[in-house]
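Asker: I need the structure of the sequence given here:
(2 chains)
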Amino acid sequence: MEIIIEMRHITKEFPGIKANDDITLQLYKGEIHALLGENGAGKSTLMSILFGLYQPDQGEIYKNGQLVSIKNPNDANDLGIGMVHQHFKLVENFTVLDNIIMGAEPLKRGLIDRVEARKRVLEISQRYKLFVNPDALIEDISVGMQQRVEILKMLYRENEILIFDEPTAVLTPQEIDELMGIMKGLVAEGKSILFISHKLNEIMKIADRCTVLRRGKNMGVVKTKNTTIAKLSKMMVGRDIEFVVNKEPAKPQETVLKVENLHVISPLSKKHVVNDVSFTVRKGEIVCLAGIEGNGQSDLIYALTGLMPIHSGSIYLNNIDISKKNIRFRNDNGLSHIPEDRHKYGLVLDYSLAYNLVLKKYHTSAFQKQGFLKPKAINDNAEVLINKYDIRSGQGPATIARSMSGGNQQKAIIAREVDKDSDLLVAVQVTRGLDVGAIEFIHQKILEERNRGKAILMMSLELEEVMSLSDRILVMFEGQIVAELDPRTTSDQELGLFMTSGKSGGIHGK
Amino acid sequence: MENEQQPKPFKQFFMNFKLKLKTVLTSKAANTFYSVLFAIVLGLLVGLVILLFSNPRAAFPAFGKILLGFFGDPVSISVGIGNFLYYSTPLLLTGLAVGFAFKTGLFNIGASGQFMVAQYVAVLVAFATANLGPFNWIVALVAGILAGAIWGFFPGFFKAAFNINEVITSIMFNWIGMYLTTMLIKNNKVIFDQSRARTFVIPKTAFIPKLGLDKLFPNSSIDIGIFLAIGVAVIIYFVLNKTTFGFELKAVGHNRHASKYAGINEKRNIIIAMVISGALAGMAGGLQILAGGAGNVGNSILVIETLSPEGFNGIPVALLGLSHPIGIIFSAFFITFIQAGGNNAAAAVIPYEIVDIIIAVIIYCSAFSLLVRLYIANRLQKKRIEEEAKHLKTLNNAVSDTSVNKGDLNG
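Answerer: Next up is the predicted model:
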């Protein structure tokens, strides 16, 4: 096999930490090479060095056996190296076409030759089956489409080495499948791909080889067909990870949440985004709302938690109708909510960790007296939760939430919500974007809460999570609950069928 | 307030102090100070360059006068200080009005209108309650504060109820307030002195008391207003930082959605924030118009159909003070100091506008200072993250399954 890129003995030190420590990486022509590691293992640093965003302290980069120097992204581009960043670098109010050609516009008498540009872009999208509407505005197209635009940008520049930085983190299961198809197509056309990920099943599915990083060091290169998920995860984390959530069957008791004929109307589209939904959640069980994004699950959650008004129907929490009550009432009367968007709802990012940990109880007598905050109580509360939930931060309770890593921000939210000791825990997309260590911890926590007799309503887009964690699955399709499934007796395929087509045939209406 | 209830108040205080000192030294405050200093020095230097261009010969003496501030008062330093404190008062309060709104995520550009409405109402009430004797000034001042609060309520209400940007509404209410008060004053024979196109001087009982300060700084305009203003700044500081009310206000300012999620009534908070901001601007107007001034001759509202500059000047004061109530005290002092210096320098054949330009440059640089601050903060944060990573490393090495064990404690 021909080596197209070789990074030899790369070392990059930031004050106080070696982000990359003597890493050697070889990329063969025409392969998909995965770069696996936990958050902070040095994957992004390594790729930033290849893309010219950082200079290595030691080590060299070779392309086709030639020593090259990559001082900035333009150098990388000249060498045929392109990168799709995790957060896309697109101009929102430009068209797809303009975004693709931006910086490499074909000119005709000093003006942009859009006719030529369009011809080339259409040609490329034909060839790689990357269909997008070149005249759509970026802000109007889905995240999956935006990613295609990023890929087209690289192809338009005739890059041969394509770096994908956690490309699946933002995609729905369907879009992930499509992306995998696209990546295979790209490799078949002779491109070489570096694929940064911490999702093991994706790596097993798509990559030919995998380089594992742990704390800045290269832990080895393996062929995916010669390894297993368990082996990879041990290489990555340094210990065994439990993938199968070990749990006893649920022993559900009395009903905590009862939803009856709930309708929610979207203020924008005026559609019934939640259409006549009824269900219950009992103590000691985990009920999971499954479905493809945009089928009303988020709206249902918002209605339950009070963030969105309902149109009709009722919501009973411990036999009290809370459908007309304000959020404070719901929070104080047995509702905990781990929100989907942890930056928008979950945290006040400019507040300290200690303040964030009392966000829902600062008004209780434990933390205030006649309107004056009790700084010591707030601080002590933070210390306790930090220890109990292993929240890691730079300055303990005084740390500004914004400066914490995503995993620890999520732990902080979970600590706050679980510690409230509410009867009902609503947990939405709790593990999105987190690495396996954190996911394991969070799953453990949720299970513990169930075993302590809490009622748990989960929502997740990850099929695996839905299947492994829940006791009952409610599938939502176009605003309705179309099936109630038992994860022990149902298959991924059956669940997928309900999610995509809403076809009934399960045990709906039990 | 807490310490009184604690068993060991001294130890408690010491611990709090230590904690605070640590935050002060490691967080924003330290580099905030440097960045503000940077802005001021840069602004002064640019001002000097402009001075050199406009009048090279007078530049250095004039610059010296500006730097001297009230110390260069032509009459005496004590008059300089007295007037300096007097002129700081409205600026401090409008700065506080704008800064308080900033802290709660709102831009109250309507301090001018609130200021003018308050002046009008204060004068009106001063005349109407002249028989109250020693309470005359208090009632008039409170009336002014309430008027400012009402004028602040409208933009807040429109924002909360209809999501109309408060900047637009408060600008509109500046003009509405100005023309409305002009009209009402002109049609009021009791308060309007037609021959001089201004209001009559209010009854002497409505003057803000001087409590002997005029003996301390003879011939200056000083009264107790400055102490009221500083007191209010300290109260605002406490409200914002020590109370649940401030906790809510700031939370809404930082993140409206998360506040709503936490059960805070974010709409009510927006309205209350604007009402308080308006009240502060109203207090500025009240104190300014009810002041007796030098020789107790009194002030009057000039009917000249322009927006009062005090309201707008609150914006730079708030910006330079980085919206921190205590910072605003100092930034109001600083700007008044430079203005006093500028007044004195204007006598030394430089145009007064130069002083305005210097102040403008300082404010402009304070935006840079924000950049500098962000830069320093970013570097600090990077360092912190690296430290955290290092810490993590040792943690990971020591125990590999901390998380699971810790989790069990909960069960």
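Asker: Please name the residues that touch the residue of the stretch 251-400 of chain B found nearest chain A.
Answerer: Closest to chain A within the stretch 251-400 of chain B is residue B:263: 3.3 Å, counting by C-beta to the nearest C-beta. Where C-beta positions appear, they are placed from N, C-alpha and C, glycine not excepted. When contacts are counted by C-beta atoms under 8 Å, 6 or more residues apart in numbering or on different chains, residue B:263 touches A:326-332, A:360.
Asker: Of the residues you listed, select the buried ones using a PyMOL command.
Answerer: To isolate the buried members of the contacts of residue B:263 in PyMOL, using 16 or more other C-beta atoms under 10 Å in any protein chain shown:
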select buried, chain A and resi 327+330+331+332+360
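Asker: Now, the contacts of residue B:263 that are in strands?
Answerer: Among the contacts of residue B:263, no residue falls in strands (DSSP state E).
Asker: And the helix or strand where residue B:114 lies, what's buried?
Answerer: Per DSSP states H and E, residue B:114 falls inside helix B:111-128. Residues B:111-127 are the ones in helix B:111-128 that count as buried (16+ other C-beta under 10 Å).
Asker: Work out the gap between the helix or strand just after it and the centre of the chain.
Answerer: Using DSSP H and E, the helix or strand that follows helix B:111-128 in sequence is helix B:136-162. Here the centre of helix B:136-162 is set off from its chain's centre by 17 Å, with C-alpha atoms, centre = their mean, to the nearest Å.
Asker: do the same with stretch B:218-237
Answerer: Put simply, stretch B:218-237 sits 12 Å off its chain's centre (C-alpha atoms, centre = their mean).
Asker: can you list the residues that contact it?
Answerer: Residues from elsewhere that reach stretch B:218-237 (C-beta under 8 Å, 6+ apart): B:75-76, B:78-83, B:85-89, B:92-93, B:96, B:100, B:207-211, B:213-214, B:216, B:280, B:283-284, B:287-288, B:291-295, B:324-326, B:328-329.
Asker: got the CA coordinates for the helix holding residue B:114 in PDB?
Answerer: This file holds the C-alpha atoms of helix B:111-128, laid out as PDB (Å, rounded to 0.1, in the frame of the first residue of the first chain):
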ATOM      1  CA  ALA B 111     -31.800  57.500  30.600                       C
ATOM      2  CA  SER B 112     -32.000  61.000  29.000                       C
ATOM      3  CA  GLY B 113     -35.800  60.900  28.800                       C
ATOM      4  CA  GLN B 114     -36.100  59.400  32.200                       C
ATOM      5  CA  PHE B 115     -33.800  62.100  33.500                       C
ATOM      6  CA  MET B 116     -35.900  64.900  32.000                       C
ATOM      7  CA  VAL B 117     -39.300  63.600  33.000                       C
ATOM      8  CA  ALA B 118     -38.000  63.200  36.500                       C
ATOM      9  CA  GLN B 119     -36.700  66.800  36.500                       C
ATOM     10  CA  TYR B 120     -40.100  68.100  35.400                       C
ATOM     11  CA  VAL B 121     -42.000  66.000  38.000                       C
ATOM     12  CA  ALA B 122     -39.600  67.000  40.800                       C
ATOM     13  CA  VAL B 123     -40.000  70.700  40.000                       C
ATOM     14  CA  LEU B 124     -43.800  70.300  39.800                       C
ATOM     15  CA  VAL B 125     -44.000  68.500  43.200                       C
ATOM     16  CA  ALA B 126     -41.500  70.900  44.700                       C
ATOM     17  CA  PHE B 127     -43.900  73.800  44.100                       C
ATOM     18  CA  ALA B 128     -47.000  71.800  45.000                       C
END
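Asker: for that helix, packing partners?
Answerer: helix B:77-103, helix B:136-162, helix B:166-186, helix B:266-290, helix B:309-320 (3 or more C-beta pairs under 8 Å, 6 or more residues apart in numbering or on different chains; DSSP states H and E).
Asker: Select, out of the ones you listed, the one closest to residue A:319.
Answerer: Among the helices and strands packed on helix B:111-128, helix B:266-290 comes nearest to residue A:319, with 29.1 Å by C-beta to C-beta.
Asker: what is the mean pLDDT for that closest one?
Answerer: For helix B:266-290, mean pLDDT rounds to 96.
Asker: burial count for residue 301?
Answerer: Picked chain A for this. Neighbour count for residue A:301, taken as other C-beta atoms under 10 Å in any protein chain shown: 23.
Asker: ah, I was thinking of chain B
Answerer: Around residue B:301 there are 22 other residues, counting by other C-beta under 10 Å.
Asker: which residues does it contact?
Answerer: Counted by C-beta under 8 Å, 6+ apart, residue B:301 has contacts B:119-120, B:123, B:181, B:185, B:198-199, B:289.
Asker: Quick check: nearest residue in space to residue A:274, chain neighbours excluded?
Answerer: In this structure, residue A:274 finds its nearest non-sequential neighbour in residue A:264, 3.8 Å apart by C-beta to C-beta, 6 or more residues apart in numbering or on different chains.
Asker: Which of the helices or strands spans the one you found?
Answerer: Per DSSP H and E: strand A:255-265 holds residue A:264.
Asker: Name the residues that touch that strand?
Answerer: Outside strand A:255-265, the residues that touch it by C-beta under 8 Å, 6+ apart are A:271-283, A:296, A:299-300, A:302-304, A:308-319, A:334, A:423-424, A:455, A:457.
Asker: mind checking the SS state of the residue of the stretch 251-400 of chain B closest to chain A?
Answerer: Three-state call for residue B:263 (DSSP: H, G, I helix; E, B strand; the rest coil): coil.
Asker: give me phi/psi at residue A:425?
Answerer: Phi and psi for residue A:425, reported as degrees, to the nearest 10, are phi -110, psi 120.
Asker: residue boundaries of the helices in the stretch 51-200 of chain A?
Answerer: A:73-78, A:96-101, A:114-128, A:143-156, A:173-188, A:200-206 (DSSP state H, counting those that start in this stretch).
Asker: can you give me how far the fifth one is from the chain middle?
Answerer: Spelled out, that is helix A:173-188. With C-alpha atoms, centre = their mean as the basis, helix A:173-188 stands 18 Å off its chain's centre.
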